[in-house]
Structures are given as structure tokens and as C-alpha cells.
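Visitor: Give me a 3D structure for the following:
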Amino acid sequence: MADLAIILTVRSQSERLKNKVLTTIGKRSLLYWTIKRLSTIPGSQVVVAITRNREDDKIVKVAEGLGVPVFRGSENDVVERVDKAWKAHVPDAKLILRALGDCPFIATEIIERAKDMMLKYDRKEAMVWHLPPETWPVYGAREFPYSISGWNKIARSATSREEREHPDLYFHNNRRRFDILYHEPPKQVYFRDYRIEVDYPEDVKLIKAIHGKIGITSSLPSVIKFLDKNEDIARLNRERVEKTGPLSSYQFQQRRYWLYQMTGKPFLQWNGKWYKPFNKEGAKPIWCKCGRVVLGFAQGGLLYTVGGEVIEQGKTKCRDCGIVRVWDRAVERKG
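Guide: So this is what the prediction gives:
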């Protein structure tokens, strides 16, 4: 029995790059490597969820060759396909993860961490990194699971064509309806302006270049460090922008509302301990200028740091990047 059902949604008829999941990377398909990576997550079961189109028959062969079950369902209603897939093959699962077949370097360590924390705090329905709403990790880097109750909210309530095609869209449009586990993000190695999801020919060139140098099975942190050192490879797909990406899909007002929702909310630190704001109501999270580490919570012009200090005027240093931020009660209160 698996606690986590990983439903890998795949189809051959991609709008931008047909048959991309069958693209050969080092004598194996992109789909093969993605399944292999996801299958390493303890306590999980991968299910490949494809359409009923005949073009997807080749995908079945790849999945069956790896001993992974296949579910065939609606082409455009991805929510329905995921919902029926986990119920058919992993009905006892406690968590549901919708994964993508074109993300060969997805951070399995992040999924495993999310799985463990979601199971530990089983009343939570979804997980979000405690970050400013404009800060995102490498594109194609990570996905978070939902609890059964959280997933059921999506399955029952997502109504628009876009929400049925992109399950996470309903969640982000309606975060207030979910009991969210806010979690401190990992070290900043995950935060770069790279895209490692395959949607365009340039993305394929990037993935093949990475494989040729360090191998397709490399961990995501290793890939990011490699791209940091190899600007010529990193720029191969730099001009491509994901049309359904996080920053392009959500309006500024909506992302500001996400910030409002974090006001006064406790978050789970990476060391496993909860940080609870001194006063839940009105305590505004204040992040470092690096945008990845919360320095503390502000209220009434005072900064209550995560380290336990109360600053009316003075300096505080980010424990991650080392940036020093000057806090001035009069100035910050205006903001």
C-alpha cells in the first residue's frame, strides 16, 4: 500500500512539441527517465494517466516496460483523469500528486519532504512554501501533493476549462478554501531563473546538453550548480517563456492576496519546528531582500524576528544569504 499516489499525466499530442515525452535522451525516452526518478520516492506508487487517443499507445509500452500501471481517460479534463486514475490504482492513498511527464529533473527530495510533512500533519490539505508571492524556484523543479480532502475540493469544484486542464490552477485561485501547511523553503540553490521543463525544441537541447555532461539522473541541485557554471548551456532556452507559468498565470492583485493570507500564519521551519507569530492577527511576514527567508513578523512598527529579538530601529541579518536589512519603525510602518 502506498501513501502517495503519483499520477503522471502524459499525452502525445502536445500543442507546442508533439511526442515530446518520447524524445530520446541517452537511448531512453524522456518519459522513461521521469518515471524512473519519481519511482524512487519511498511510499509512493506512480500511475501513468494518458488519453484514449491511439497516439498514446506508445506511451503504454514505456510504462508497462517499467511495471507502472496505466489509466486512460479524458484528454482535456485532466482533473477527471487524475481523479479516476488514483481511485482505480491506488485507492488507499492518503496523498495525491499530479506530476508532469516533461520534468525529468523534478526534485524528488522535495516531494518526499512534502509527503512526510503532510502525513505528519494530516489535517492539512495542501502545502505552500513560505515565500513572497513573486518568488518561485526553477521552473519544472517541484510539485506538492494534496491530501484526499484537498484533492476532493479540486475535483468537485474546479469548473472552468482552464481549471479542469490545470488542476493546480483551482488551488491557487482559491487558496482561502484550503487548510494550508506553510513550510520554510530549502536553501537557495533551488531559486534560479532557469526552466528545465520540456515544451520547446530549445528545452530539448538544454536537457540533452545536461545529460551529455553530468547525466540525466543527476539531482536537481547538481543540475542547477552545473547551469550556474555553464552560461552557454543555461542560455539555450532562455528566450522561452512558459505560457501557463506561475507569474504569467496569476494577476498581481491575486498574488498580493496570497501574501495577505500568510499574515499571522505559523510556518514549519526546515528543522521541523513551528514558528508561530507573537500575535496571529495582523502580524505581517517580512522577508529578506533575497526573497527566500523570513526575517520575522511585523506589527505596530516593530519587527519580531524569528531569532527572538524585537527591533524598533536597527539591523537584522539574513541567516541564509547574509544580507543585512535596516529596520526603521517609522519607515516600515508606512509600507
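Visitor: For the spatially closest residue to P69 that is not a sequence neighbour, give its distance to E143.
Guide: Excluding its sequence neighbours, the residue lying closest to P69 (Cβ to Cβ, 6 or more residues apart in numbering) is H89, at 4.7 Å. C-beta here means a position set from N, CA and C on the backbone, and glycine is covered the same way. Computed as Cβ to Cβ, to the nearest Å, the H89 to E143 distance reads 19 Å.
Visitor: Kindly report the same for K289.
Guide: Distance from K289 to E143, counting by Cβ to Cβ: 28 Å.
Visitor: out of those two, which sits in the busier spot?
Guide: E143 (18 against 12; other Cβ atoms under 10 Å).
Visitor: That one reaches I111, doesn't it?
Guide: Yes - E143 lies in contact with I111 (Cβ atoms under 8 Å); the separation is 6.6 Å.
Visitor: for the residue nearest to P69, what are its contacts?
Guide: Residues in contact with H89, defined by Cβ atoms under 8 Å, 6 or more residues apart in numbering, are 5, 45, 47, 69, 71.
Visitor: For the second one, give me its contacts.
Guide: The contact partners of Q45, by Cβ under 8 Å, 6+ apart, come to 2, 4-6, 69, 89-90, 93.
Visitor: Return the members of those classed as buried.
Guide: Buried members of the contacts of Q45, scored by 16 or more other Cβ atoms under 10 Å, are 2, 4-6, 89-90, 93.
Visitor: And the furthest pair within these?
Guide: Among those, the pair separated by the greatest distance (Cβ to Cβ) is L4 and H89, at 12.6 Å.
Visitor: Go through the contacts of Q45 and name the one with the lowest pLDDT.
Guide: In terms of pLDDT, the weakest of the contacts of Q45 is A2, which scores 94.
Visitor: I'd say that residue and A93 touch.
Guide: Yes - assessed by Cβ under 8 Å, A2 is found in contact with A93 at 6.0 Å.
Visitor: Look up how far D83 lies from the residue nearest to P69.
Guide: Going from H89 to D83 by Cβ to Cβ gives 12 Å.
Visitor: domain ranges for this protein?
Guide: 4-192+241-249, 281-335 (automatic domain parsing).
Visitor: which stretch in these has the least confidence?
Guide: Of all those, domain 281-335 has the smallest average pLDDT, which comes to a mean of 81.
Visitor: May I see the buried residues of stretch 262-272?
Guide: Quick answer for stretch 262-272 (16+ other Cβ under 10 Å): 262, 264-265, 267-268.
Visitor: Equivalent analysis for stretch 138-154, please.
Guide: Quick answer for stretch 138-154 (16+ other Cβ under 10 Å): 138-147, 150-151, 153-154.
Visitor: Let me have the residues you listed in TSV, extended by distance to D116 and secondary structure.
Guide: Compiled in TSV, the buried residues of stretch 138-154 are given as follows (distance: Cβ to Cβ, whole Å; DSSP: H, G, I helix; E, B strand; the rest coil):
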residue	distance to D116	secondary structure
V138	22	coil
Y139	25	strand
G140	22	coil
A141	18	coil
R142	15	coil
E143	15	coil
F144	12	coil
P145	11	coil
Y146	15	strand
S147	13	strand
G150	16	helix
W151	18	helix
K153	22	helix
I154	22	helix
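Visitor: partners of the top strand by length along the chain, with directions?
Guide: Scanning the chain for the longest strand, with DSSP state E as the assignment, gives strand 44-51. Here strand 44-51 has these sheet partners by DSSP bridges: strand 4-9 (parallel), strand 70-73 (parallel).
Visitor: burial of the residue nearest to V189 when sequence neighbours are not counted, as a residue count?
Guide: Sequence neighbours aside, P221 is the residue nearest to V189 in space, at 4.9 Å (criterion: Cβ to Cβ, 6+ apart). If you count neighbours by other Cβ under 10 Å, P221 ends up with 16.
Visitor: my guess is G73 meets R52, correct?
Guide: Yes - between G73 and R52 there is a contact at 7.1 Å, judged by Cβ under 8 Å.
Visitor: so what's the backbone phi/psi at the residue nearest to P69?
Guide: Per-residue torsions, H89: phi -120, psi -20 (degrees, to the nearest 10).
Visitor: again with A85
Guide: Torsion angles, degrees, to the nearest 10, at A85: phi -70, psi -50.
Visitor: Look up how far C288 lies from G101.
Guide: Separation of G101 from C288 (Cβ to Cβ) stands at 36 Å.
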